[in-house]
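1. predicted coordinates and the sequence they were generated for:
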Amino acid sequence: MQRPSARLTRHERPVTWLGANFWSRTGGPLMWRSYDGEVIDAELRVLRDHGLTMTRSFFYWPDFMPAPDRLDDDMCARFADFLDRHHALGMTTVPTFLVGHMSGENWDPSWRGDRDLYGDVWLVSRQAWFARETVRRFAAHPAVAGWLVSNEMPIYGREPGGSAPPAPRETVAAWAQLVVDAVRAGGGAQPVSLGDGAWGLENSGHDNGFRLRDTAELCDFLGPHVYRMEDDPVRQHYAAAWVCELTGTYRRPVILEEFGVSSDFASGPGAARYYRQTLHNSLLAGATGWIAWNNSDYDGLRDQEPYRHHAFEMHFGLTTSDGTPKPQLLELKEFARLLDEVDFPHCHRAPADTALLVSSYLDTPYPFTRAEDRAYVQQTCRQAWVSTRLADTPAAVVRESDGPLPPGVRLWLVPSTKQLLSPTWYDLEQRARDGATVYVSYSPGAHDEQRGPWYAHLDELFGVRHQLDYGLLDPIEDDEVVLTLTRPFGTLPEGARLTFRTAGARAFLPVEPDGAEVLAVDGHGRPALLLRPVGEGSVVFCTYPVEHMAAVTPRVNPESTATLYDALAAHAGVHRPVTVNDPRVAVDRLVHDDGSTFVWLVSQAPAELTVKPTVTGARLLTLTGAPADTITLPPYGVRVLRLTLSPR
């Protein structure tokens, strides 16, 4: 199936954004009060000279709109100069209206009072007026590349930890519609989005009133803000990519609108590694734009809010406070060079015939279900998706809530799943009957309310007879679960052992085969992996929640789920022209409009690694045309190669 690869367009030409969120070091959010055009010129030149072509900029709302019906002309004149300086350097910017929230502080116009930002009709009209009037002033400027309604409005609209409940979905959607319509009414023909961080229910499982589904129908692109802190290096490196993949299911271009690290939280080499991994992994997950947080450090603003009380916010810069490039800016420069070398605006994702099914219980609040169910789905599917990357079997993400399952999938992955809709279970069986391999692993769920598998026809689907006792779990007795293959399967020989660290929901599903063949047994000789032939395909069932156990285990990746997925891909006949027999290296592809194929090798090894890729029906070459039969990757390194047909 075709993985999402939408791209922003202006005047029918593809657009790739590579830039930085911008506050001048002269004032941070208060830069418009202490505006210094010469300093801004210097700041922009450093970015441009390192391959960046745009910024995201901010109308600091209290300064730009000092009264409910007035724009500040001096502030607007300074912003016009800001735009002119971008244009003179061949750069563009995306202005953001409602700021609002920034870096650990919320700022209101003095006239707001305690009015609700979403639901008060008068205040919403003032926000729409502000957007319309600023757009009227600046929409014709060639340096304006797009528009953003807010900066992280879920935080500004409902402060974390406060007693106010989330705004109703309908109220948030109406607010968004009115402000976006105001942008269009002001003459804004450029792409527009909300600037909300893509933190809605569909990505996080947390209901903050925003819905990606609503935003996608209203806006031209979707913009995740990702600052995850993980307990596993590989999950950390894929954190932003996973959010981009989930966001891309709504068929809008995905711009990684904010990402980055404070130098207080990461060393120079650590920050460079995080940037490298985030940039390449999110590109392979469908992102077509990247806006780093942010351009500069702010040591000179230590006495100013928010830096006085959020000291680490001073050091997210791509440069130091004197403009010296930091290692992460050098990573962006190399990334920009590579995008140019592969002609990225004319590349798209390679089709995938593996699909990861995300339960609709993530994004749909069904009656008498609990929020823990949503968080469980998000966490478990993220770990499973990471394992598909490490198995060189990058999967398309399919949301159950999008309706009937799509065709063209050889391997369906349903990881550690407690809940799907009843029709979906029957649909999966039909996909197996039509020739696909359907893999499901058991889950007892995240809490004790109606604990157990909500499967429509468990025994028949998997060819087993379950041995559950009502209301009780069958505990996993061992600190490690060891599955031993009783026959060859895919890439696994008979006798192969898969080892999983036990964690989280320490429960398995006791079964007896009833039509299914046992592929592997656990350390107590019990069926643990079973295969039931169905029509032209098969259903493979794992009685242990292996993905869930990995998802809650620190520093676990790469782990044996990737090895299992590799075997499943071989069994299912998944198309994989290039693989590497080392789960520390992930392989994926982009295809150019002219038919050329570029292959990414991304290492998750902390030391230098030499690998010999397995290539089917083709050859790997470097981008300069030299043979690339053996590849040496630096620690956490990335190599991009060209795939060519082998001569007959």
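-> Yep, that arrived. Worth saying up front: this structure is predicted, and the values here are computed from it rather than measured.

2. check which residues of stretch 529-548 are buried.
-> Within stretch 529-548, the residues that count as buried by 16 or more other C-beta atoms under 10 Å are 529-532, 534, 537-548. (Each C-beta comes from the backbone N, C-alpha and C, glycine too.)

3. and for stretch 509-529?
-> Across stretch 509-529, burial judged by 16+ other C-beta under 10 Å covers 509, 511, 516-523, 526-529.

4. likewise for stretch 629-643?
-> 631, 633, 636-643.

5. do the same with stretch 203-216
-> Neighbour counts using 16+ other C-beta under 10 Å place 203-205, 207-216 of stretch 203-216 among the buried residues.

6. and the residues you listed as TSV, adding pLDDT, distance to Ala391 and secondary structure?
-> Output for the buried residues of stretch 203-216, formatted as TSV (pLDDT from 0 to 100; distance: C-beta to C-beta, whole Å; DSSP: H, G, I helix; E, B strand; the rest coil):
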residue	pLDDT	distance to Ala391	secondary structure
Asn203	94	24	helix
Ser204	91	26	helix
Gly205	91	25	coil
Asp207	91	33	coil
Asn208	91	34	coil
Gly209	92	37	coil
Phe210	94	33	coil
Arg211	95	32	coil
Leu212	95	27	helix
Arg213	95	30	helix
Asp214	96	34	helix
Thr215	96	32	helix
Ala216	96	30	helix
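
7. let me know the closest of these to Tyr227.
-> Looking at the buried residues of stretch 203-216 and their distance to Tyr227, the nearest is Ser204, at 12.9 Å (C-beta to C-beta).

8. residue contacts, that closest one?
-> Applying C-beta atoms under 8 Å, 6 or more residues apart in numbering, we find Ser204 in contact with Gln378.

9. if I look at it, how far off is Asp363?
-> According to C-beta to C-beta, to the nearest Å, Ser204 and Asp363 sit 10 Å apart.

10. Ser125 too?
-> For Ser125 relative to Asp363 (C-beta to C-beta), the value is 31 Å.

11. make TSV out of the buried residues of stretch 203-216 and add distance to His315.
-> Shown next, in TSV, are these (distance: C-beta to C-beta, whole Å):
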residue	distance to His315
Asn203	27
Ser204	27
Gly205	31
Asp207	33
Asn208	28
Gly209	32
Phe210	29
Arg211	34
Leu212	31
Arg213	36
Asp214	36
Thr215	31
Ala216	34
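
12. closest to Ala371 among those residues?
-> Lowest distance from Ala371 to the buried residues of stretch 203-216 (C-beta to C-beta) belongs to Gly205, with 6.9 Å.

13. got a list of what that closest one touches?
-> So Gly205 contacts 362-363, 371, 374-375, 377-378 (C-beta under 8 Å, 6+ apart).

14. so where's the longest helix in the chain?
-> helix 371-390 (DSSP state H).

15. just the mean pLDDT for whichever helix or strand comes after that helix, thanks.
-> Next in sequence after helix 371-390, counting helices and strands by DSSP states H and E, comes strand 396-399. Averaging pLDDT along strand 396-399 yields 97.

16. give the helix, strand or coil label for the closest residue to Ser596 other than its chain neighbours.
-> Nearest residue to Ser596 in three dimensions, chain neighbours excluded: Arg642, at 6.7 Å (C-beta to C-beta, 6 or more residues apart in numbering). The three-state assignment at Arg642 reads strand, by DSSP: H, G, I helix; E, B strand; the rest coil.

17. please apply the same query to Val149.
-> strand.

18. give me the pLDDT for it.
-> Reading off the model, Val149 has pLDDT 97.

19. do you know how far it is from Ala446?
-> 34 Å.

20. neighbour count: the two, which is higher?
-> Val149 (25 against 21; other C-beta atoms under 10 Å).
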